[in-house]
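Peer 1: with the input below, show me the fold.
(one chain, ligands or ions: 1)
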Amino acid sequence: MADLIRELDELEAGAEAEIEAAATPAELESVRIRLLGRKDGRITAILRRLGELAPEDRPAVGARANEVKKAVQDRLEARSEVLAGRSEVEREVDLTLPARPAWSGGRHPVSLVVDEICEIFARYGFTRVRGPEAETDWYNFVALNTPLDHPAADMADTFYLDDGVLLRSHTSPVQIRTMQAYDPPVRVVVPGLVFRRDTWDASHAPAFEQIEGLAVDEGITFVDLKATLSEFARQFFGPSTRARFRPSFFPFTEPSAEVDVSCTICGGSGCSACKGTGWIEIMGAGMVDPNVFESVGYDPERYTGWAFGMGPGRIAMLRYGIPDIRLLYDSDMRFLEQF
Ligand code: 2NL
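Peer 2: Numbering: from 1, shown residues only. Have a look, this model is predicted:
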């Protein structure tokens, strides 16, 4: 029994050297036959001699023989991969699996809408401008004919950073700065983030995108406002879109209007999107209040103008059928990659 175990130990050690020495697949095959061949293989010969042993010794030697056989088979397999030119990585990984698709970058739905609106107004001669998100209460309220005791200026409605410094609640301060810096004619569109003290829910966010527009020149009338915004509605929502102007109030415009468009879903016959009315509100607008011109040093007897403000997030929700405003700010790739 000890003889056979020793022979198996020697065979295992010798086999390793023989296998590693094989330089071609054909040489390796002849090594395999010498070691494992059914007729004259050396391991086969040892297994055959198990019969010579006492019955109680057979299991131990048989187990050792099978161990050596398995080790030799593994070594032959590994050497065969090396001779076939395959690296260790190629043996471990299935390189024929299809690759994971690369992430395709996309534009945010709100950015898409902002750019489209700005492009339409660019064709009417409006320049895209931007300005600071932290403002003084003078630029955000006082210059816009909104006294600081107005409810909109209340601590509870606006984020104050410091005494008299706040996060803008609309982009109008940028138009104030533009009018201070340039004489009329002025035509600008102003997209940007604005802030309100609202708690997150499906239709409110404490920070959201706004676009305002402003046109000032001699001889501008409410007809310019109606014609420009009606044409905008047709270009943005489609040529059969109608616009409607309802009386409203803003401190910075007089007269003021809410602008509705015929429902983009049902075309005006009434559906769930327009709550059966056939109309959807898209913005507020009006003729610039003379007091606003006074505060920027424009002569209100010489100049008139009109302005509008809208929420591109709301318009993106309408256009793409997005049910919850929070989806616009969650940065969830499964949502964003659809645009
Ligand atoms: C809305 C609609 C509006 C304006 C914004 C404006 C800006 C200047 C002068 C006059 Cl500098 N008006 N912006 C005008 C009308 C409506 O926003 O729903 N706001 C609460």
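Peer 1: quick one: the helices in the stretch 101-250 of the chain?
Peer 2: 109-123, 137-140, 172-181, 222-237 (DSSP state H, counting those that start in this stretch).
Peer 1: show me which residues of the stretch 51-200 of the chain sit near the ligand.
Peer 2: Residues of the stretch 51-200 of the chain lying close to the ligand (C-beta under 6 Å from any ligand atom) are S172, Q175, I176. Where you see a C-beta, it was placed from the backbone N, CA and C, and this is true even at glycine.
Peer 1: just list whatever residues bridge to A285.
Peer 2: With DSSP bridges as the criterion, A285 is bridged to A257, F308.
Peer 1: got the contact list for it?
Peer 2: Listed by C-beta atoms under 8 Å, 6 or more residues apart in numbering, the contact set of A285 reads L225, L229, F245, T253, S256, A257, V259, W306, A307, F308, G309.
Peer 1: now narrow these to whatever sits close to the ligand.
Peer 2: Under the cut-off given by C-beta under 6 Å from any ligand atom, the ligand has T253, A307, F308, G309 from those close to it.
Peer 1: show me what contacts the third one?
Peer 2: What it means is F308. By C-beta under 8 Å, 6+ apart, the residues touching F308 are E212, G213, L225, L229, V259, M283, G284, A285, G286.
Peer 1: burial count for L167?
Peer 2: Neighbours of L167 under the rule other C-beta atoms under 10 Å: 20.
Peer 1: do T277 as well
Peer 2: By the criterion of other C-beta under 10 Å, T277 has 13 neighbours.
Peer 1: burial of the residue of the stretch 1-150 of the chain found nearest the ligand, as a residue count?
Peer 2: Proximity of the stretch 1-150 of the chain to the ligand (C-beta to the nearest ligand atom) peaks at L144, 6.1 Å away. Per other C-beta under 10 Å, the neighbour tally for L144 reads 25.
Peer 1: which residue, other than its chain neighbours, is closest to it?
Peer 2: Nearest residue to L144 in three dimensions, chain neighbours excluded: F252, at 4.3 Å (C-beta to C-beta, 6 or more residues apart in numbering).
Peer 1: state the distance from the one you found to V142.
Peer 2: Using C-beta to C-beta, to the nearest Å, we find F252 at a distance of 11 Å from V142.
Peer 1: worst-scoring helix or strand of this structure, pLDDT-wise?
Peer 2: helix 88-92 (a mean of 77; mean pLDDT, DSSP states H and E).
Peer 1: what about G51, how many neighbours?
Peer 2: Using other C-beta under 10 Å, the number of residues around G51 comes to 8.
Peer 1: which parts of the stretch 101-250 of the chain are strands?
Peer 2: Remark: strands assigned in the stretch 101-250 of the chain by DSSP state E, counting those that start in this stretch are 127-128, 134-136, 160-162, 165-167, 186-195, 207-217, 243-250.
Peer 1: direction included, what does the fourth one pair up with?
Peer 2: Next to strand 165-167 in the sheet, as set by DSSP bridges, lie strand 134-136 (antiparallel), strand 160-162 (antiparallel).
Peer 1: show me what counts as buried in the first one.
Peer 2: Within strand 134-136, the residues that qualify as buried are E135, T136, counting by 16 or more other C-beta atoms under 10 Å.
Peer 1: now swap in stretch 56-71 and tell me
Peer 2: Within stretch 56-71, the residues scored as buried using 16+ other C-beta under 10 Å are V61, R64, A65, V68, K69.
Peer 1: could you do stretch 32-45 as well?
Peer 2: R32, L35, L36, G41, R42, I43.
Peer 1: follow-up on the earlier one: pick the one among the contacts of F308 closest to the ligand.
Peer 2: Among those, and counting by C-beta to the nearest ligand atom, the member closest to the ligand is G284, at 2.9 Å.
Peer 1: what number of residues lie near the closest one?
Peer 2: By other C-beta under 10 Å, neighbour count at G284 equals 20.
Peer 1: V190 now?
Peer 2: Around V190 there are 26 other residues, counting by other C-beta under 10 Å.
Peer 1: from R177, how far off is it?
Peer 2: Separation of V190 from R177 (C-beta to C-beta) stands at 10 Å.
Peer 1: do the same with E231
Peer 2: From E231 to R177 the distance is 28 Å (C-beta to C-beta).
Peer 1: looking at F252 and V142, which is more packed in?
Peer 2: Between F252 and V142, counting by other C-beta under 10 Å, F252 is the more crowded of the two (21 against 16).
Peer 1: distance check, the more buried one against the ligand.
Peer 2: According to C-beta to the nearest ligand atom, to the nearest Å, F252 stands 4 Å off from the ligand.
Peer 1: tell me if I'm right that that residue and F141 touch.
Peer 2: No - using C-beta atoms under 8 Å, F252 is not in contact with F141; the gap is 9.7 Å.
Peer 1: ok, now which ones touch the residue in the stretch 201-339 of the chain positioned nearest to the ligand?
Peer 2: Of all residues in the stretch 201-339 of the chain, G309 sits closest to the ligand, at 2.2 Å by C-beta to the nearest ligand atom. By C-beta under 8 Å, 6+ apart, the contact list for G309 reads H170, T171, S172, Q210, I211, E212, G213, M283, G284, A285.
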